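Q: model the following, please.
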Amino acid sequence: MVLDRYLAKTVLSGCAFACFIMLSIFAFVDFVAQLNHVGTGDYGNLKAVIFVLLRLPQRLYELSPSILLLGSILSLGALAANSELIVMRASGISAMRITRSVLQIGLLIAIMVAVLGEYVVPSTTRSAKTFRAEAMEKKLIVGGMNDIWARDGNRYVNVKKILPNHELREISVYELDDERRLGSVIYAEKAQYKDDEWHLDHIKRTEISVSGVTTAFEEHLILKRLILLELFSVLELDSKDMSATELLTYSKYLQDNNLDSDEYRLAFWIKVFTPLTCLAMLMIAMPIVFSTTPRSGGVGQRIMLAVIIGIVYYVINRSINHLGLALDMSPLLSAAAPFISVVAISMYYLKRVS
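A: Purely as a prediction, here's the structure:
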């Protein structure tokens, strides 16, 4: 329908403008924060800019609800200020019909946000952290998008995945002899640092010598040295940067080992509700838009209102999340409560203006 296409184009243009403005501001702030690290190792201004650019997908994901709120209020508020929404409603199109059209494009954006958080953000965040670590530490080689290489004398360690709590997955250790020839290869499914030692599980050890190649399997192996613990601070992903699949897998692992998994289960449910929050922001924008008239104020007033709502929602959302952890509430309830509240409030005011 022509109305759907027109509203979709309007909302998308407003969100694109809001996206450009907000990402520009936060990219500048992130670059300024990186100046503290500039000059360490080979980490210069250009590499700081590359690091900030690699982190933009994560910023976009975090800011997506606020971007939709600001973009929709700006774009649809302009339609209301120009009396276009009044004309639509005078022609027999209800407020709920207009809201449904807006939510249709919002659903598409929510799906894109979900894909961004699940596939793009974890990959680019790992790339950003390994890129900076390589420049600052001069001890890392990045082989591909996720592989981490660390060198310790004649030992080269390849790690496919780094998890919280000093845990590694899919580790390969290559030992060279004094003549720089490959002497042995150790592969472990996982490794964890405990009691000042590295505990490797499910081992495949391959010894290479002039007499031939021998292979042996072990359940457990302890190494004093594997990779520097200092690297975890720059390579380890925070729970908010992990994909929903990784969070679900890791929280299940913690539960199976009788460890506290609430933080990661909460992060998982926040991942689930973030795309839905984008739709909620569109819903709460609609009553504001419908109450806008040519005499109700200019663009500056609408921007200020959107910023205030965004800040209030962010503060309340974070407060409920952390309060839920402190009070041992269900992670699902902690993540869903702000979303349900916004939907309920927006539905109440939508019925009043319809």
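Q: show me where the chain has helices.
A: 2-34, 45-54, 56-81, 84-90, 95-115, 121-137, 232-235, 244-256, 262-290, 299-326, 331-353 (DSSP state H).
Q: how about low-confidence regions in the stretch 51-200 of the chain?
A: 137-147, 164 (pLDDT under 70).
Q: mind running it again at 50?
A: 144-145 (pLDDT under 50).
Q: and of the helices of the chain, who's closest to Ala188?
A: For the helices of the chain, distance to Ala188 was read as Cβ to Cβ. The smallest value, 16.0 Å, belongs to helix 244-256. No exception for glycine: its C-beta is placed from N, CA and C like everyone else's.
Q: so what touches stretch 279-294?
A: 11, 65-66, 68-69, 72-73, 76-77, 79-83, 85-86, 95, 98-99, 102-103, 106-107, 110, 302, 305-306, 309, 313, 339, 342-343, 345-347, 349-350, 352-353 (Cβ atoms under 8 Å, 6 or more residues apart in numbering).
Q: show the buried residues in those residues.
A: Among the contacts of stretch 279-294, those classed as buried by 16 or more other Cβ atoms under 10 Å are 11, 65-66, 68-69, 72-73, 76-77, 79-81, 85, 95, 98-99, 102-103, 106, 110, 302, 305-306, 309, 313, 339, 342-343, 346, 349-350.
Q: and Tyr314, what is it in contact with?
A: Taking Cβ under 8 Å, 6+ apart, we find Tyr314 in contact with Ser66.
Q: Ser334 too?
A: Neighbours of Ser334 in contact, by Cβ under 8 Å, 6+ apart: Leu266, Trp269, Ile320, Asn321, Leu323, Gly324, Leu325.
Q: quick one: which of these is most hemmed in?
A: Leu266 (24 neighbours; other Cβ atoms under 10 Å).
Q: spatially nearest residue to that residue, not counting backbone neighbours?
A: Pro331 (3.9 Å; Cβ to Cβ, 6 or more residues apart in numbering).
Q: pretty sure the one you found contacts Phe273?
A: No. The pair Pro331 and Phe273 does not pass the contact test of Cβ atoms under 8 Å, sitting 10.8 Å apart.
Q: which residue, other than its chain neighbours, is closest to Gly106?
A: That would be Leu282: by Cβ to Cβ, 6+ apart, it lies 4.3 Å from Gly106.
Q: nearest the geometric middle of this protein, what residue?
A: Asp241 (4.1 Å; Cα atoms, centre = their mean).
Q: I'd say that one and Thr125 touch.
A: Yes. Between Asp241 and Thr125 there is a contact under Cβ under 8 Å: 4.5 Å.
Q: what number of residues lie near the nearest residue to Ile98 once chain neighbours are set aside?
A: Nearest in space to Ile98, with sequence neighbours left out and distances taken as Cβ to Cβ, 6+ apart, is Met88 at 6.3 Å. Met88 has 20 neighbours, counted by other Cβ under 10 Å.
Q: same check, this time on Asn257
A: 8.
Q: again, but for His220
A: His220, neighbours per other Cβ under 10 Å, totals 10.
Q: partner residues bridging it?
A: Beta bridges link His220 to Asp201, judged by DSSP bridges.
Q: quick one: low-confidence residue ranges for the stretch 201-350 of the chain.
A: Checking the stretch 201-350 of the chain against pLDDT under 50 turns up nothing.
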